[in-house]
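1. Structure for the following, please:
(one chain, ligands or ions: 1)
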Amino acid sequence: MSILKVKSLKVENQNYPMGMDCTKPRFSWELASDGKNIVQTAYNLIVINEEGKRIADTGKIDSDESIEVTIADLKLEPMTGYMVQVTVWDNEGNQAVTEGGFETGRFETAWKASWAEPVQIPTKASNLGGNLTMESVLENSNSKKERDFSEFQPAQYIRIPLKAKKGLKKARAYVTAHGVYRLEVNGVRPDDREFAPENTSYAGILQYQTYNITSLLKGEENIAGIILGDGWWTGRVGMTGDSCQYGETIGLLFEAILTYEDGTSEVVTGEAGKSSTGPIVFSDIFVGEKYDARKEMQNWSCPEFDDSKWKPLHKVEYPMNNLVGQYGEPVRPIRIFEPKEIIETPIGETVLDVGQVLAGQLEFTIDAPEGIQIKLEHSEVLDDKGNYYNNIIGVNKEQTEIYITKEGKQTYRPVFSYHGFRYIRISGWPGAISVKDFKVYALSSEMRDISEFTTSNLKINQLQSNIWWSQVSNTLSIPTDCPQRERAGWTGDIMAFSPTLCFNRGANTFLSRWMANVRTEQLENGAIPMIVPYLEAYKAMAKNFIGSDTSCGWGDAVIQVPVAVYKAYGDKRILEENYTAMTRWMNYIADRVQNNHPEGYEEWDDERKARSHYLWNTDFHFGDWLVPSMVLGNPDGMAMMKTAYATMAFVAPAYYAFSAKSMVEVAEALGKTKDAENYRDLYNKIREAFIKEYVHDDGTMDADLQGIYVIALKNGLVSDEVRPKMAAHLCKMIEKNRGCLDTGFLSVLFILDVLCENGYRNEAYKLIFQNQCPSWLYEVEHGATTIWESWGAIEEDGTVSTYSYNHYAFGCVGEWMYREMGGLKAAEPGYKKICVAPALDCGLLFARVSEHTPYGIASVDWKLENGKAEVKVEIPVNTTAEVILPGMDKIDIGSGFYVFEVKL
Ligand code: RAM
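-> Numbers count the residues shown, from 1 in each chain. From the prediction side, this is the model:
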């Protein structure tokens, strides 16, 4: 008889989420058993409110559903805690129980608090994006003169008295800001989250955070202390470095609700607060922070502090309809470690090497006399001679902390700034310096790590580590392109990378939240902006610099990101929530292709004209962005733009086909059969038009580039007859290119699959193990600890360029490695059905891949020994798998542990 356990009862994929404005939460749980072929046969969900009252009981439901389960007619109250209990039954007659819980947010409850602002000097708004040229970007970044930063405003410190009576039962603070804030109660932070309320499209979505402050209130007199900084509101952000994207002043919305045993409650609102400036002289999320420790105010957030000189906050009016409870994990330190070493560079500078490119902050502890100024400058690489090198181009990207000491021992870490870095140039440090004086804080949205991928090849393992680091560095609140120069929600980057992200981390709440921003930013005509949040500065940049708000491949994120989430986690809600936005995007493209015509159209015959109505052959597109052969050795922005112009005419129509094909899947998953049919028909028409217009009988196309063939092959844009010729031509091109890929952003994600699917498996493996430039292992062999923006960011001869060294886009190969080399695939969304098919002949001696699927851990662990392969497989309860091994028939298995032996 087996033993059944049920564990990890999650609500909206989180453990005890607080303050979510989600009225129909989904429940998921995992089953574990020592038996084989175990499935759930029934469940019973019970929800109990904080009064102990049972508000829902599903009764025993015969079903194998254990993820994304909702309760019909569940009525939740705002700001209330709930306990959830699930009982499950399996096919061997076992029963098991577990519990979880959650607390709701405010839902529609009106705020008693108003927006309140400290007395302050408004920040000056800039319009650099409106005047942006590639030359201005390069020029400004080269002239890194000393700045006085006098236009930067100080952070504000706010004290709000919280009087509590006896018999306090529960206290909650609901807080958000224009800017970024940090909350303390009586000198203690209730939570180590960073950069609340995080980065969203504030005009449409501004998250408030819910804090349990019950145990922090001591006696009658208490203080809520808030530090308020510029953040994404008034700070200098994005590629353009513009300030004031949402406003020129920072402010606070604060409401605490104190509930007593006798059933009464009291509300304290932020307008009752007072403010002052303090040690944070300025704090810009990109530029850096200046901190004068001599200005520290001991116990400023405790009741005994004298605030008689502080100034009262004043009430201000802002719309409140953008407020929504935080959804998903907050930003937190996810790794804290000691740096690797301190180097004296050839020109005699002191540089700290933390040993890893990342996004985060440096903390130091020092015993010093008063008034010494220490400067910390951050960058990602050293130059070819080993000297400090600023690789980050653009305006307002200093990435510098300036710290002025107080007397004695002191520890400092920036409050409202973070950087993308590996190296820190330190100046002004008094006395001896040691790595022991420092700690590195890697910051990221705190998603769960759910995967493992290790092999016998150390370089492949390093590549995996590089992917992991680029992904955590670029998932700080929103998915970004890079954590230093832009930190922008470029939609194309996450379009390519989301399957890898979804495998590595529990990213469904993170991506669902970002998709809400995508919907908010969708333009009236249905276009999805190339960057989300779509700042005013980006709109100006797009207009002046590019002439378009969107691009193929970038806008398609509205479809591909939800699809990746659905496939990885079986999450249908993300498809439902975004379906309208997807169809509006598809209609936008349809409108462009039908009503806009390329040059020469008027002279075309009717047949060609009709064909053109299915081809997106107009507008600007980034195309197969960063085709290596066009940018290698050419590290300037103009070369990057060339890749767009050379490829856009072919990539845009091909990606339209890709999206139409994906829409068939989405519509089918949602049971929208009619829509599915329409999209299938659309896909067929695009396909036919594409083949006629662009594909020659010998399998070549006019844009004779690897990426173009890859995208066409992946999306079926070639006849069955011509396909082998096109695939052979692609292979020849790779061979001619010294066995190296030459693919950009929109084709890298497909290239290895395309080779495998067209009978060129060996060629695919040659590319993954290739170590000449451009290749993944070239970067590894040249010291990369993250994925680079451009394959040749460090050239053969050691020349270092001003690219970003932390761009996850080309790390999209991760998903292929887990699936093909490791051999673990989701045969059905959410791994309800798994396919095990390891690449035993790929050249590795062993590989272990594991994924914490929504049902539990699935893993494939294989090794070669004495002409045999041993394949260990672990399949979670409530799922099934098919195992495909060489020389054997396909084997169907249920849950459990298995060991297979394969003669080779
Ligand atoms: C770069 C970004 C990003 C890319 C766009 C087109 O500046 O870093 O990776 O999506 O351009």
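2. which residues touch the residue in the stretch 101-250 of the chain that the ligand sits nearest to?
-> The ligand sits closest to residue 239 of the stretch 101-250 of the chain, with a gap of 6.1 Å, by Cβ to the nearest ligand atom. Where C-beta positions appear, they are placed from N, C-alpha and C, glycine not excepted. Applying Cβ atoms under 8 Å, 6 or more residues apart in numbering, we find residue 239 in contact with 132, 137, 394, 485-486, 488, 538, 541.
3. Among the residues you listed, which one lies nearest to the ligand?
-> The closest of the contacts of residue 239, once distances to the ligand are taken by Cβ to the nearest ligand atom, is residue 486, at 5.3 Å.
4. coming back round to it: ok, and the most crowded of the contacts of residue 239?
-> residue 538 (30 neighbours; other Cβ atoms under 10 Å).
5. low-scoring stretches of this structure, by residue?
-> 134, 136-145, 635 (pLDDT under 70).
6. need the residues of it near the ligand, please.
-> 481-482, 486, 490, 492-493, 622, 625, 807, 809 (Cβ under 6 Å from any ligand atom).
7. One more pass at 5 Å, please.
-> Within reach of the ligand by Cβ under 5 Å from any ligand atom, the chain has these residues: 481, 490, 492-493, 622.
8. taking those one by one, which sit in helices?
-> The helices, defined by DSSP state H, take in 492-493 from the residues of the chain next to the ligand.
9. how about the residues of the chain next to the ligand in a markdown table, adding neighbour count?
-> What follows is these, written out as a markdown table (neighbours: other Cβ atoms under 10 Å):
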| residue | neighbour count |
| --- | --- |
| 481 | 24 |
| 490 | 28 |
| 492 | 25 |
| 493 | 27 |
| 622 | 28 |
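10. helix or strand for the residue of the stretch 101-250 of the chain closest to the ligand, which one?
-> Counting by DSSP states H and E, no helix or strand carries residue 239.
11. how about it, phi and psi?
-> Backbone torsions for residue 239, taken as degrees, to the nearest 10, come to phi -60, psi -40.
12. Kindly state the domain boundaries assigned to this protein.
-> 4-104, 115-330, 334-444, 465-822, 834-903 (automatic domain parsing).
13. Mean neighbour count, those domains: which tops it?
-> Mean neighbours per residue, mean count of other Cβ atoms under 10 Å, is largest over the domains of the chain for domain 465-822, with a mean of 21.
14. In TSV, list the contacts of residue 239 along with secondary structure.
-> Formatted as TSV, the contacts of residue 239 follow (DSSP: H, G, I helix; E, B strand; the rest coil):
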residue	secondary structure
132	coil
137	helix
394	coil
485	coil
486	coil
488	coil
538	helix
541	helix
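15. The nearest residue to residue 629 once chain neighbours are set aside in helix, strand or coil?
-> Sequence neighbours aside, residue 742 is the residue nearest to residue 629 in space, at 5.0 Å (criterion: Cβ to Cβ, 6 or more residues apart in numbering). Taking three-state DSSP as the rule, one finds residue 742 in the coil state.
16. now swap in residue 503 and tell me
-> Three-state call for residue 503 (three-state DSSP): helix.
17. which other helices and strands contact the lengthiest strand in the chain?
-> Longest strand in the chain by number of residues (criterion: DSSP state E): strand 350-368. Counting contacts by 3 or more Cβ pairs under 8 Å, 6 or more residues apart in numbering; DSSP states H and E, strand 350-368 is packed against strand 341-344, strand 373-379, strand 408-412, strand 419-427, strand 438-445, helix 458-473.
18. Let me have the ones you listed in JSON lines, extended by distance to residue 259.
-> Below are these laid out as JSON lines (distance: least, Cβ to Cβ, whole Å):
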{"stretch": "strand 341-344", "distance to residue 259": "52"}
{"stretch": "strand 373-379", "distance to residue 259": "45"}
{"stretch": "strand 408-412", "distance to residue 259": "37"}
{"stretch": "strand 419-427", "distance to residue 259": "41"}
{"stretch": "strand 438-445", "distance to residue 259": "31"}
{"stretch": "helix 458-473", "distance to residue 259": "38"}
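19. Identify the bridge partners of residue 332.
-> According to DSSP bridges, the partner residues bridging residue 332 are residue 444.
20. who's in contact with it?
-> Applying Cβ under 8 Å, 6+ apart, one finds that residue 332 lies in contact with 192-194, 443-446.
21. with those in mind, which one is nearest to residue 471?
-> Nearest to residue 471 among these: residue 444, at 8.5 Å, using Cβ to Cβ.
22. ok, now which ones touch residue 376?
-> With Cβ under 8 Å, 6+ apart as the criterion, the residues that contact residue 376 are 362, 364, 400-403, 424-426.
23. Give me the three-state assignment for residue 813.
-> Three-state assignment for residue 813 (three-state DSSP): helix.
24. Residue 108 now?
-> Secondary structure, three-state DSSP: residue 108 is coil.
25. My read is that residue 7 contacts residue 33, right?
-> No. The pair residue 7 / residue 33 is not scored as a contact, 11.4 Å apart, by Cβ atoms under 8 Å.
26. Quick one: distance of the stretch of helix or strand residue 656 belongs to to the chain centre.
-> For residue 656, the host element (DSSP H and E) is helix 637-669. From the chain centre to the centre of helix 637-669 is a distance of 21 Å (Cα atoms, centre = their mean, to the nearest Å).
27. Ok, stretch 427-445 next?
-> Mean-position distance between stretch 427-445 and its chain equals 27 Å (Cα atoms, centre = their mean).
28. Stretch 708-719 too?
-> Centre-to-centre, stretch 708-719 and its host chain are 29 Å apart (Cα atoms, centre = their mean).
29. that older thread, mind giving me JSON lines with the contacts of residue 239 and columns for distance to residue 773?
-> Listed next are those as JSON lines, based on distance: Cβ to Cβ, whole Å:
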{"residue": "132", "distance to residue 773": "30"}
{"residue": "137", "distance to residue 773": "25"}
{"residue": "394", "distance to residue 773": "25"}
{"residue": "485", "distance to residue 773": "22"}
{"residue": "486", "distance to residue 773": "24"}
{"residue": "488", "distance to residue 773": "27"}
{"residue": "538", "distance to residue 773": "32"}
{"residue": "541", "distance to residue 773": "31"}
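30. which one of those sits closest to residue 2?
-> residue 488 (51.0 Å).
31. Skipping its backbone neighbours, what lies nearest the closest one in space?
-> Per Cβ to Cβ, 6+ apart, closest to residue 488 is residue 531, 4.9 Å.
32. could you list every residue that touches that neighbour?
-> Taking Cβ under 8 Å, 6+ apart, we find residue 531 in contact with 238, 488-491, 538.
33. Residue 561 - nearest residue in space that isn't next to it in sequence?
-> Excluding the flanking residues, the one nearest residue 561 by Cβ to Cβ, 6+ apart is residue 498, at 4.8 Å.
34. Find the helix or strand that the one you found is a member of.
-> Judged by DSSP H and E, residue 498 forms part of helix 491-504.
35. Show me how far that helix is from its chain's centre.
-> Its chain's C-alpha centre and that of helix 491-504 lie 8 Å apart, by Cα atoms, centre = their mean.
36. again with stretch 588-598
-> The chain centroid and the centroid of stretch 588-598 are separated by 32 Å, computed with Cα atoms, centre = their mean.
37. what's next to it, contact-wise?
-> Residues contacting stretch 588-598 (Cβ under 8 Å, 6+ apart): 525-527, 555, 612-619, 656, 659, 682.
38. Mind doing that once more with 7 Å?
-> For stretch 588-598, contacts defined as Cβ atoms under 7 Å, 6 or more residues apart in numbering pick out 525-527, 612-619, 656.
39. which one among these gets closest to residue 296?
-> residue 527 (49.0 Å).
40. tell me the contacts of the closest one?
-> When contacts are counted by Cβ under 7 Å, 6+ apart, residue 527 is found next to 549-550, 555, 588.
41. Right, I'll leave it there.
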